[in-house]
Every structure is written in C-alpha cells, then in structure tokens.
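Trainee: Sharing a model that was predicted from the sequence below.
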Amino acid sequence: MLIIPAENTINWKRPPWVTLGLMLACLLVFVFYQAPDSRLMATAIERYLATDLVELEAPVYETYLQRQINVQGDSGRTDELEAFQQAASENNRVWMAGMMLSDRAFHDYLQRNRSLVWAPAEQSRWQDLRPPIQDELIEKLSTNALGLIPDELNAYTLVTYQFLHGGWGHLIGNLVFLFLLGFTVEKAMGPGRYLLAYLLCGITSGLVYTGFAAGSQVPLVGASGSISGLMGMYVAIYGTRKIRFFYFLGVYFNYFRAPALAMLPVWLGKEIYDYWFAGATGIAYMAHAGGLVAGAALVLMLGKSWFQVREEFFEPEPEEQDERFTAGYAQAMNSIGRMDFDLARRQFEALWERYPERGILLEHLYQLAKLRPDLAEYRERARELMNLALSSRQTAQLVEVWQEYLSKGADNKPLDAEDHNRVLFASLRDGDLKTAEKAFERLRSADAPTLAREACRLLAEEFDKRQMTPKARHYQSLMQTTG
C-alpha cells in the first residue's frame, strides 16, 4: 500500500525551478556520468573469465557467504548464497563472476585472508590477476566512486550519492516522487531554503543509514532519502490541517483526508517495520526513516527561523481565488435581488476586505450606502470611491461621485476641503475648467484659506494660458483677498 499527499496542484506560471533542476541533474548524471558503468562491468567480467579466477574464488566465496550467515548473523545474505549455488550448479560463470566482482567486502576479505585460504602459488597468481581488475575497473564504477559506503564514509559522498541511481526504474520512480512532493515544498519554502533543506535531508538520511549499516561496503545510491525528507517537510508544513492523500492498494485507489502530521508516524512505522521484517530487498529502509524524521524536524524545529514557510503559501491560487470571488459576488448580488440590503452590505464588505484590488466591490458598497444619505457611511464610501477614481485617473467617475454626493448627502455630512481640492486638481489636469471653478466655490466656502489661495493661483494661471484675461484677473484679485 502506498500513501502520498496530493493537496496542491502545480502552477506552471511559477514553475518549481529547483525541483526541475534537481530532476534534470539526476537524469544527466545517470545518462552521462553513469553510462560507462555497464561497459566497465562487462570488461571486468570479460577479463575475470579469461583467467581461472572463477575456479579459484568460487569455493571461497561460498564459504564466505555461509560464514556471513552463520557466524555474523547476516540472514539477509541467504538469498545470495542460494542464487550463487544455483549459478554454480548450472555452470553459469558469467553470473558467478558478476556476483563475486560486485562484492567489494569479499575482495577485502580475500586481501586479508589469502594466506589462509590458498597455497603460496595460488596466492601469487590471485595477487597478479585480481587486484588490477578491482582497481582499474570495479572501483571506477559510479556507485563505488561517488556512492555512500558506510565503511568509507566521507563528506562529499553524503551529497553525491543523492544524484546516483541503480537503474532506469530506480531513477524514474524517484523522479516522479521528487516532482509530486518537491513542487509543493519549494513553493512553501522558496527555492534557496528548499534546496538547502533537500540536501540536508539527504545527508541526514545517509548518516542514519551508515549508523545502521556500520562497516558495510555496499554503496548507497539514490534520492530516496532526500525525497523521504520532502515527505516529512510536506506534512510538517501543513501540521494539523486536514489535507488530501492519494493511496492505492493493488488495483484499487482513492483519496482520503486526514491531519497531515498524522501520516508521519504511519510512514515512519512502515519503514522501521520493513527494516526488521521485509528481508533482503535491497531497499534502504532506515535511510528513508532518517529522511522522514529530518524533514519533519527541520520544519517543526526551525520553521520560524531558517526554514520558515512563506506567508503566501496557504493563499489559494489565482484560479481558485477567482472561483471563490465569483461565488461570493453571486451571493451578494442575490441578496440585492431579494432586497436584503443589510446582508448584501455585509457580504460586499467581507469581499472588499479580502479582495481590495477589485474596485467593483467598492462601487456596490457606495450604491448601498447611498440608500441612507443621512448616515456618515455614505460620506465615507463616497470619499473612498473618489480616492479610488483619482488613483486610477478616472476623473469622470471622480466628478460624478462628487456631484452626486453634493446633491444627496452634503446637507447632512459635508465633504472636507481636501475632497473639493482633489476634484479641482483633477479637473484642471483634464482641462475641465467649469468643474474646477465649481470645486473652487465649494473649497472657498469650506473655510480653508490656504487651499483656497493656492486654488486661486492655479485657476489664474490656467485662464491666463488660455488668454482668458478677465477670468485670470478675477482669480488674481480673489487670491489677494482670500484669507
């Protein structure tokens, strides 16, 4: 049974560049850097079979595997022993050679114990033939060169192993999960912090694997530990929020909703259970467990500092916002249709608070406030709509609202001098001198001498430009007497 989160959809207007870059890096490493591996291995087997090394090493290898199982308690190698014995019974020398060449620990065992398992002549022949194959070919395989080998742990392989893969199936499977999880975590954290967190999860995963496989010379490769870290980060980001999970069992699949963090112990428990009871599958279960814990810990412990989730992450996508706006707008309009103006006003206010960039909402609020011109709300909505029209350079709407308010609400709640001044300036800018003069008269009666004198000066200059001398002199004279 496989359970993966499926809460988000990708927004291709803002592609997850780091996730796509990581996927591309894994693909390029596999296609180009790891491409010579098959040739190196084929050459090693060819050189190996050209000698009598199979006959020399095979009895020792069988004994070595039996010792690993019976003395060292490594029951996971039972399948290897049976496979080797089957190949020997069928005289499948290629298979036998591949198994012995791939087992680096066996080569080290022979180096240390060749004097115990062979006579001097055989030791000398083995020493002349086998180490060159190992050093010139086997050690140059990508998994041995840059894979994470617990017995030879170093800093750089804790990073490089994350970009190596054991085959096309391994690679494609990891890339699919990297994409499904990565684009959401990258969106939540931002590209820089996401990349750092991804690599740290891979490093922690490698260290946990090393702790449980101490002394092993089997290389660990693949992005699975890092991707498990993404799973841990994913559920920690959502916390106790209920999100969707996709699951399939055999041919059956479906979705369910659950608190995100509730899945962490489920995933972790599955990895630990498989580590102890699944047998030799070649899967690094404890590396997965380490990645899960590391990813969740990064967000839960450092989520308010280094790995803080972006505030806008939980905001819906533009398409979803449009759908929500349309639904809310329709409800408010239905309330108007039912003449339930109080409910409509509350609905439009809620929409205006959530979508302050949509001026149509303010226009509806203004129209609703106009139903009660005796209340202060009408003046406030008129001023808000006038300011919005001014900021968007819609002078016609500004003047229309101003004139309408003068006729309906000015007797109850007069506008301020600044409101008339805005109309005057906008009208002068558009060359509407008639409206500008009307705004001046309102401004002059509003007892704001400083604004009135400045308005006189502007009007005098404007009429003078138009060679309307009587008008210019009129405002010049008013400028001397105003205030």
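Mentor: Received it, and whenever you're ready, just let me know what you need. Numbers count the residues shown, from 1 in each chain.

Trainee: secondary structure element for residue 3?
Mentor: Here residue 3 is covered by strand 2-5, with elements defined by DSSP states H and E.

Trainee: Now do the next helix or strand after that strand: which elements does it pack against?
Mentor: Going down the chain from strand 2-5, the next helix or strand is helix 17-28, by DSSP H and E. Counting contacts by 3 or more CB pairs under 8 Å, 6 or more residues apart in numbering; DSSP states H and E, helix 17-28 packs against helix 168-189, helix 191-212. Every residue, glycine included, has its C-beta placed from N, CA and C.

Trainee: Let's have the ones you listed in CSV, adding mean neighbour count and distance to residue 414.
Mentor: CSV is the format used below for the helices and strands packed on helix 17-28 (neighbours: other CB atoms under 10 Å; distance: least, CB to CB, whole Å):
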stretch, mean neighbour count, distance to residue 414
helix 168-189, 20, 51
helix 191-212, 21, 54
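
Trainee: Including distance to residue 12 and mean pLDDT, could those go into JSON lines?
Mentor: Shown next, in JSON lines, are the helices and strands packed on helix 17-28 (distance: least, CB to CB, whole Å; pLDDT from 0 to 100):
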{"stretch": "helix 168-189", "distance to residue 12": "10", "mean pLDDT": "94"}
{"stretch": "helix 191-212", "distance to residue 12": "16", "mean pLDDT": "95"}
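
Trainee: Distance to residue 369 added to those, as CSV?
Mentor: Below are the helices and strands packed on helix 17-28 laid out as CSV (distance: least, CB to CB, whole Å):
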stretch, distance to residue 369
helix 168-189, 40
helix 191-212, 46
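
Trainee: quick one, which of these is nearest to residue 336?
Mentor: helix 168-189 (37.8 Å; CB to CB).

Trainee: Phi, psi for residue 258 please.
Mentor: Per-residue torsions, residue 258: phi -160, psi 160 (degrees, to the nearest 10).

Trainee: for residue 416, that is, sorry about that
Mentor: According to degrees, to the nearest 10, residue 416 has phi -80, psi 160.

Trainee: For residue 137, see how far away the residue nearest to residue 213 when sequence neighbours are not counted is.
Mentor: Leaving aside its chain neighbours, residue 213 sits nearest to residue 150 (4.7 Å; criterion: CB to CB, 6 or more residues apart in numbering). Counting by CB to CB, to the nearest Å, the gap from residue 150 to residue 137 is 23 Å.

Trainee: Over to residue 48?
Mentor: Relative to residue 137, residue 48 is positioned 9 Å away (CB to CB).

Trainee: Counting neighbours, go ahead and name the busier of the two.
Mentor: residue 48 (24 against 20; other CB atoms under 10 Å).

Trainee: Check which helix or strand the more buried one maps to.
Mentor: Element membership of residue 48, judged by DSSP H and E, is helix 36-49.

Trainee: same check, this time on residue 373
Mentor: Judged by DSSP H and E, residue 373 forms part of no helix or strand.

Trainee: how deep is it tucked in, by neighbour count?
Mentor: Residue 373: 19 surrounding residues under other CB under 10 Å.

Trainee: now residue 100
Mentor: When neighbours are counted by other CB under 10 Å, residue 100 registers 22.

Trainee: Now do the same contact list for it.
Mentor: For residue 100, the contacting residues are 48, 54, 57, 58, 61, 106, by CB atoms under 8 Å, 6 or more residues apart in numbering.

Trainee: Among those residues, which lie within helices?
Mentor: Counting by DSSP state H, the contacts of residue 100 place 48, 54, 57, 58, 61, 106 in helices.

Trainee: Need the three-state assignment for residue 295.
Mentor: Put simply, residue 295 is helix when judged by DSSP: H, G, I helix; E, B strand; the rest coil.
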